[in-house]
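Enquirer: quick check, what structure comes out for this input:
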Amino acid sequence: MTASRCKLAPSILSADFARLGEQVREAEQAGADRIHIDVMDGHFVPNISIGVPIVHSLRPVTRLPLEVHLMISEPDRYIEDFVRAGADSLLVHVEGHVHLHRTVQRIRHLGKKAGVVLNPATPVGMLEEILGDVDLVLVMTVNPGFGGQAFIASMVPKIRRVRELIDRGRPGVELEIDGGVDVATLPGALAAGAEVFVAGSAIFGAKEGVSAAMQALQKAALRGT
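Expert: Numbers count the residues shown, from 1 in each chain. This is a model prediction of the structure:
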């Protein structure tokens, strides 16, 4: 990976919702590649977050792709609602998903990009039968459910293994990571093969502001090349 291929996906989970539109616009102006939207239902993960109305409200605010990460039980029930609201890509977890291939095909049939997500304890081999049907693989570098967690260092070798699998089987698939991404952890993950970085607290929680935090991450990418 090179610094020029490092893409930042600010996660609005850590944003100030009283100024959500303003902060998303600031992230866009600072060079964000997409906006990451974490949807949690309190069942699949132990937290409840945002849903379809937020996606709908953000669609006219930014020209960036809206990436919806469905950390929910029965995601099939809501895919069309998120598509109608303006989602450009939908990411679903492989864990506990009985008909993952059907879900991925449905997303792509609706004209949207489809991604699959691996939790930290989920083996890389779970990707082998679905890799040919997706646009993106997201490796969780924390256990999902809460923002502000520390990066799990043992995920770096896993990122490398996923990178090798993608390069061997379907080079066009993006490799994204989510969890604990900051100026300290981004370089190592980039060197291991990640190319898209979801960052919440490091961007929207930074004292120096969104633009300065984005610049700091972009500079950190230079250390990972």
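Enquirer: let me see the ranges of the strands in this structure.
Expert: Secondary structure of the chain (DSSP state E): strands located at 7-10, 35-40, 66-71, 89-93, 113-118, 136-140, 174-178, 196-199.
Enquirer: I'd like to know which of those lies nearest to Ile54.
Expert: strand 35-40 (6.7 Å; CB to CB). Using the backbone N, CA and C atoms, a C-beta is placed for each residue, glycine as well.
Enquirer: in the sheet, who's paired with the residue nearest the centre of the chain?
Expert: Nearest to the geometric centre of the chain sits Val198, at 5.0 Å (CA atoms, centre = their mean). Beta bridges link Val198 to Ala9, Asp178 when assigned by DSSP bridges.
Enquirer: mind checking the longest helix of the chain?
Expert: helix 155-169 (DSSP state H).
Enquirer: would you tell me which of the strands of the chain gets closest to Glu80?
Expert: strand 89-93 (10.2 Å).
Enquirer: contacting residues for the closest residue to Ser89 other than its chain neighbours?
Expert: Once flanking residues are discounted, Ser89 sits nearest to Lys113: 3.7 Å by CB to CB, 6 or more residues apart in numbering. Lys113 makes contact with Asp88, Ser89, Leu90, Ile107, Asp135, Leu136 under the criterion CB atoms under 8 Å, 6 or more residues apart in numbering.
Enquirer: for Arg163, same thing?
Expert: Leu175, Ala192, Gly193, Ala194.
Enquirer: quick check: Arg223 vs Gly179, distance?
Expert: 20 Å (CB to CB, to the nearest Å).
Enquirer: which one of these two has more residues nearby?
Expert: The neighbour comparison of Arg223 against Gly179 (other CB atoms under 10 Å) goes to Gly179, with 25 against 14.
Enquirer: isn't that one right up against Phe146?
Expert: No - using CB atoms under 8 Å, Gly179 is not in contact with Phe146; the gap is 9.6 Å.
Enquirer: sorry, back to before: need the strands of the chain in TSV (columns: distance to Arg19 and mean pLDDT).
Expert: TSV is the format used below for these (distance: least, CB to CB, whole Å; pLDDT from 0 to 100):
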stretch	distance to Arg19	mean pLDDT
strand 7-10	13	98
strand 35-40	14	96
strand 66-71	18	97
strand 89-93	25	97
strand 113-118	28	98
strand 136-140	27	98
strand 174-178	23	98
strand 196-199	18	98
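Enquirer: Throw those into CSV and include distance to Ser57, thanks.
Expert: Formatted as CSV, those follow (distance: least, CB to CB, whole Å):
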stretch, distance to Ser57
strand 7-10, 16
strand 35-40, 11
strand 66-71, 11
strand 89-93, 18
strand 113-118, 21
strand 136-140, 24
strand 174-178, 22
strand 196-199, 20
